[in-house]
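>>> Sequence plus predicted model, see below.
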Amino acid sequence: MKRSFLTTIFLTLSLFFMACSDENKPTFEDEQTLDEETQLNVSYGDNPQQKYDLYLPEGRSSEKTKVIILIHGGGWIDGDKEDMSEYIPILKEKHPDHAIVNINYVLANPPSTPAFPNQFLDLGQVINKLTQESEELELLPEFGLIGASAGAHIALQYDYVYDTDDKVKMVCDIVGPTDFTDPFYTENPNFQVLLNALVDESAYPQNSNIAELISPALQVTKSSSPTILFYGDKDPLVPLSNGEKLQTILSDNMISNSFTVYEGGHGDWSQASNIDLQDQLTSFITEYLPIE
């Protein structure tokens, strides 16, 4: 009887403490949702120009929150991330569960500071930093790139040549140069001088065809990412043939792509065209950089 009584007491106390312990455990409902957060001018290298702005969404997690990177234009020697700021509220509205990164890169200052391959490597440094900090930031290190003009060239070249780990899942090319072997460039009497000024030839094999090596359209492989292209039919800076060449080679390699030509020049298109671009880009991001 004594043993039975003590056993009953022990079991009762055990059940009591187990119940108290269960009450103190955090439930799913108790877990706090992360607030939206903005981090401006985050350094990713030693150069003062190597900075980005990071926009983290509410409720993010390392299981689902993928990243959209914006890359400005400016002929590789000019421009600033502020030039891409108009995309941020649009992307926040259309893709509220994605993180957004708006980057600067080191601008070329010939002859001391060339553009290539430095600017491709700058984008790689951004992606590597965000990947290394993905758990801390609560990000899933899968990326979509949106580039305009020179920024589109950088985005395309990075994906087609440097993204060996397949972290980039889609690229948006807005009036990006894609083929420097095009007569539009090669027949310009200043072309070779400009090419020499922008390229660190020591970074490439001797006797290389540099114009070919830095042409994204000529670097496409079957592992290149899905690409959406937007061009103007009267662009004085980037010929429509560059967009057509890239679209053809992507299709030949069975890479998903979309190619749209608007009436107008180097991005100076009608409001209806810009709305169409936004709608198409939204659908493309939803398909190729989905939040699951």
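The structure has been received and is ready for your questions.

>>> Look at the closest residue to Q50 other than its chain neighbours and report its pLDDT.
Spatial nearest neighbour of Q50, chain neighbours left out: Y44 (5.2 Å); criterion: C-beta to C-beta, 6 or more residues apart in numbering. The C-beta positions use only the backbone N, C-alpha and C, and glycine is treated the same way. Y44 is assigned 98 on the pLDDT scale.

>>> who touches Y44 in this structure?
When contacts are counted by C-beta atoms under 8 Å, 6 or more residues apart in numbering, Y44 touches Q50, K51, Y52, D122, Q125, V126, K129.

>>> Which strands and helices lie in contact with the helix or strand containing S273?
Secondary structure from DSSP states H and E places S273 in helix 271-288. Applying 3 or more C-beta pairs under 8 Å, 6 or more residues apart in numbering; DSSP states H and E, we find helix 271-288 packed against helix 87-94, strand 143-148, strand 168-174, strand 227-232, strand 257-262.

>>> The second one - which strands sit beside it in the sheet, and in what orientation?
It refers to strand 143-148. Its sheet considered, strand 143-148 pairs with strand 67-71 (parallel), strand 168-174 (parallel) by DSSP bridges.

>>> right, and the ones you listed - which one's nearest D35?
strand 67-71 (18.0 Å; C-beta to C-beta).

>>> between the closest one and helix 87-94, how big is the angle?
Calculated by axes from the mean of the first three to the mean of the last three C-alpha atoms, to 10 degrees, strand 67-71 forms an angle of 160 degrees with helix 87-94.

>>> Helices of the stretch 101-250 of the chain, start to end?
Read by DSSP state H, counting those that start in this stretch, the stretch 101-250 of the chain holds these helices, from start to end of the chain: 118-132, 134-137, 150-157, 183-186, 191-198, 210-213, 240-252.

>>> picking that back up, ok, which of the helices and strands packed on helix 271-288 comes nearest S241?
strand 227-232 (9.5 Å).

>>> related to what we said a few turns ago, identify each buried residue in the helix holding S273, please.
For helix 271-288, burial by neighbour count (16 or more other C-beta atoms under 10 Å) applies to S273, N274, L277, L281, F284, I285, Y288.
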